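Enquirer: Below: sequence and its predicted model.
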Amino acid sequence: MSAGICIMNKQAIAMAADSAVMIGNHEAIHNSANKLFSLSRIAPVGLIIYANSTLMNVPVEIIVKEYKRNLGDKTFPHLKDYVDDFLEYIQNNSDLFRFKINEDDYVMSLFSNLMCGLLGDYRNYMEAKEKELERMLTDEEKSEVGERAYLGTIMYVASLPPCVDNGFTGYIKNKYLGQFRKLFQMKLEYSWLTDSQVNALCEKSCELFDTIFDRNNYVGIAIAGYGEEEIYPHMRHLHISGCINGRLRYYELETVEICENNPASVIPLAQTDVMQTFLFGINDRFLRDLSQELPRQIAKCMENIDDSCFVPGKKSIVYDQINSLTEDILKHTTEIGIEDYMKPIILSVSSLPIEELGLLAESMINITSLRRKVALDQNIGTVGGPIDVSIITKSDGFIWLKRKHYFDRKYNPQYYYSHYGRMGESGNEEEKV
């Protein structure tokens with residue numbers, strides 16, 4: 001897991017990221033990962049990665065640095081052009097990065113993630129039904145529960161938004177449909193599915209690869225900076241999931257542009273809950289919990305009120321009216337968060353000096369790291385280690401404010417000569433970017 005942030009105003013961009021990387025299912029955490037990079041040797045463009053540190057088993061750091069070397073002194077008029085060129089480079093060099101070797105694992109991993117969701121739904125429905133009836137279910141009732149879980153998965157895939165139109169469905173169907181069916185045959189926990197349900201699930205799952213479904217199989221990337229023809233910062237936020245049949249599977253989450261109508265922006269990345277609480281006074285997860293709990297409490301309260309307290313036929317109307325308040329409450333809560341919490345910070349950020357931008361970015365990662373250090377929950381230790389901080393301006397380019405190295409600089413002058421090719425007046429290597 002990770003925490004990163006991109007803060008922009010008309011003067012500059014501040015980017016910061018922690019160094020924690022988790023191995024397996026919380027089996028180990030190392031605090032030395034690199035997540036913040038300059039994307040060009042000379043252009044004012046930076047990049048933050050989060051979530052996974054590998055793309056189809058290839059370290060993303062290798063991909064980024066190979067792209068930077070390949071880009072050389074080339075520049076583009078807009079930030080969008082850097083992003084498009086970076087994505088095109090990854091796709092065109094799929095052989096170099098040996099993506100074909102890992103394609104089977106990637107495809108089956110995504111399919112398995114979907115099937116794990118199906119199995120989880122089935123078990124939850126079974127448990128809830130047994131609790132409701134206070135007895136073991138009959139075969140017919142088990143079949144009804146299985147049908148509910150099966151239809152839920154079919155509808156879930158159908159509801160997923162499409163991503164970049166690469167036409168993966170046909171390729172997946174031709175190459176992997178048999179492997180999908182074999183997975184059901186090998187695992188006894190799916191024996192409750194009928195043959196027709198298995199066939200329908202396998203067919204529908206082929207469409208999964210043309211949607212935004214990625215679960216945990218993705219690399220989060222935020223690229224920020226300036227094109228040659230841009231005076232104000234831009235940022236693009238993407239999820240890159242993998243490469244299938246030589247084509248990159250990705251989708252874009254958001255594009256942020258600083259302009260006259262948007263003089264500043266603060267974009268938390270990865271583990272955003274702590275930063276959102278600081279910025280808005282509440283976070284998305286808490287709002288989701290409220291949106292689920294309020295209707296549940298209202299329904300429970302209405303069930304406990306005797307029908308005789310209502311005019312005949314009016315209880316359901318009263319329930320619907322009260323239940324509709326949930327949306328109004330959440331909307332009002334969000335408005336308060338924006339007006340009373342976020343707006344004053346944005347007003348301040350819009351006029352912050354360059355150094356203060358960097359300090360704010362570092363502080364936001366620090367408060368997330370502190371929470372992950374002291375809170376005994378499933379996220380403990382997932383944000384931490386040294387914090388890398390950079391500032392990007394149109395004129396000065398990509399500047400490191402804080403940067404960790406796995407080596408001592410004074411023992412490795414050749415590194416700065418080979419990478420930056422510039423000597424300072426004192427004879428020591430002077431780092432440009």
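Expert: Cool, got the structure. The structure displayed is predicted, hence computed values, not measured ones.

Enquirer: wait, what's in contact with the most far-flung residue of the chain relative to its centre?
Expert: Relative to the mean C-alpha coordinate of the chain, counting by CA atoms, centre = their mean, the farthest residue is residue 308 (50.6 Å). With contacts defined as CB atoms under 8 Å, 6 or more residues apart in numbering, residue 308 is in contact with no residue. Heads up, the C-betas are built off the backbone N, CA and C, glycines and all.

Enquirer: ok, it to residue 315 distance?
Expert: Computed as CB to CB, to the nearest Å, the residue 308 to residue 315 distance reads 10 Å.

Enquirer: what about residue 145, neighbour count?
Expert: 22 (other CB atoms under 10 Å).

Enquirer: Looking at it now. What's its pLDDT?
Expert: On the pLDDT scale, residue 145 is placed at 94.

Enquirer: Count the neighbours of the residue nearest to it when sequence neighbours are not counted for me.
Expert: Among residues not flanking residue 145 along the chain, residue 125 sits closest, at 4.7 Å (CB to CB, 6 or more residues apart in numbering). The burial count assigned to residue 125 is 18, neighbours taken as other CB under 10 Å.

Enquirer: cool, and residue 326?
Expert: Residues lying near residue 326 (other CB under 10 Å) number 17.

Enquirer: what's the helix or strand for it?
Expert: Assigned by DSSP states H and E, residue 326 belongs to helix 325-336.

Enquirer: Counting by contacts, list what that helix packs against.
Expert: On a contact count with 3 or more CB pairs under 8 Å, 6 or more residues apart in numbering; DSSP states H and E, helix 325-336 meets helix 284-304.

Enquirer: I would like the residues contacting the helix it packs on, please.
Expert: By CB under 8 Å, 6+ apart, helix 284-304 touches 272-273, 276-277, 315, 318-319, 322-323, 326, 329-330, 333-334.

Enquirer: rerun that using 7 Å as the cut-off
Expert: 273, 276, 319, 322, 323, 326, 329, 330 (CB atoms under 7 Å, 6 or more residues apart in numbering).

Enquirer: Would you mind checking those for buried ones?
Expert: 273, 276, 319, 326 (16 or more other CB atoms under 10 Å).

Enquirer: sorry, back to before: closest to residue 345 among the contacts of helix 284-304?
Expert: Distance to residue 345, by CB to CB, is smallest for residue 276 among the contacts of helix 284-304, at 11.8 Å.

Enquirer: Relative to residue 151, how far out is that closest one?
Expert: Counting by CB to CB, the gap from residue 276 to residue 151 is 34 Å.

Enquirer: swap in residue 163?
Expert: 24 Å.

Enquirer: more neighbours, the two?
Expert: Counted by other CB under 10 Å, residue 163 and residue 151 do not tie: residue 163 has more neighbours, with 19 against 12.

Enquirer: For the more buried one, which non-adjacent residue is spatially closest?
Expert: residue 251 (3.9 Å).

Enquirer: Tell me the pLDDT of that neighbour.
Expert: 93.

Enquirer: now swap in residue 426 and tell me
Expert: Residue 426 is given a pLDDT of 39.

Enquirer: what's the answer for residue 1, then?
Expert: Value for residue 1, per-residue pLDDT: 64.

Enquirer: What mean pLDDT does stretch 202-211 get?
Expert: Averaged over stretch 202-211, pLDDT sits at 95.

Enquirer: and what of stretch 95-112?
Expert: On average, the pLDDT along stretch 95-112 is 95.

Enquirer: what's the span of stretch 3-19 from first residue to last?
Expert: With CA to CA, to the nearest Å applied, stretch 3-19 spans 9 Å between its terminal residues.

Enquirer: How far off centre is it?
Expert: 16 Å (CA atoms, centre = their mean, to the nearest Å).

Enquirer: Just put the contacts of helix 284-304 in CSV and tack on pLDDT and distance to residue 283.
Expert: Below are the contacts of helix 284-304 laid out as CSV (pLDDT from 0 to 100; distance: CB to CB, whole Å):
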residue, pLDDT, distance to residue 283
273, 94, 4
276, 95, 4
319, 79, 29
322, 80, 26
323, 77, 24
326, 83, 18
329, 88, 16
330, 89, 13
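
Enquirer: out of these, which one sits closest to residue 338?
Expert: Nearest member of those to residue 338, counting by CB to CB, is residue 276, at 11.7 Å.

Enquirer: need the contact list for that closest one.
Expert: 268, 283, 284.

Enquirer: and it, how far is that from residue 63?
Expert: Distance from residue 276 to residue 63, by CB to CB: 29 Å.

Enquirer: neighbouring contacts of whatever helix or strand comes next after the helix holding residue 326?
Expert: Once the chain leaves helix 325-336, the next helix or strand it forms, by DSSP H and E, is helix 343-349. Residues from elsewhere that reach helix 343-349 (CB under 7 Å, 6+ apart): 7, 9, 264, 266, 279.

Enquirer: what sits against residue 231?
Expert: With CB under 7 Å, 6+ apart, residue 231 has these contacts: residue 394.

Enquirer: Recalculate using a threshold of 10 Å.
Expert: By CB atoms under 10 Å, 6 or more residues apart in numbering, the contact list for residue 231 reads 10, 258, 394.

Enquirer: Without its sequence neighbours, what residue ends up closest to the second one?
Expert: With sequence-adjacent residues excluded and distances taken as CB to CB, 6+ apart, residue 258 is closest to residue 232, at 4.2 Å.

Enquirer: these two touch, right, that neighbour and residue 393?
Expert: No: assessed by CB atoms under 10 Å, residue 232 is found out of contact with residue 393, at 11.1 Å.

Enquirer: Give me the common contacts of the two.
Expert: Contacts common to residue 232 and residue 393, judged by CB under 10 Å, 6+ apart, are 11, 13, 226.

Enquirer: Okay, helices next: where are they in the stretch 301-433 of the chain?
Expert: 315-323, 325-336, 343-349, 354-374, 413-420 (DSSP state H, counting those that start in this stretch).

Enquirer: Pull out the buried positions in the fourth one.
Expert: Pointing back at helix 354-374 there. Buried-residue list, helix 354-374, by 16+ other CB under 10 Å: 354, 357-358, 360-362, 364-366, 368-369, 371-372.

Enquirer: If you count residues, where's the longest helix of the protein?
Expert: helix 99-133 (DSSP state H).

Enquirer: by contact count, what packs against the helix or strand following it?
Expert: The C-terminal neighbour of helix 99-133 among helices and strands, as given by DSSP H and E, is helix 139-159. Where contact means 3 or more CB pairs under 10 Å, 6 or more residues apart in numbering; DSSP states H and E, helix 139-159 is packed against helix 99-133, helix 195-205.
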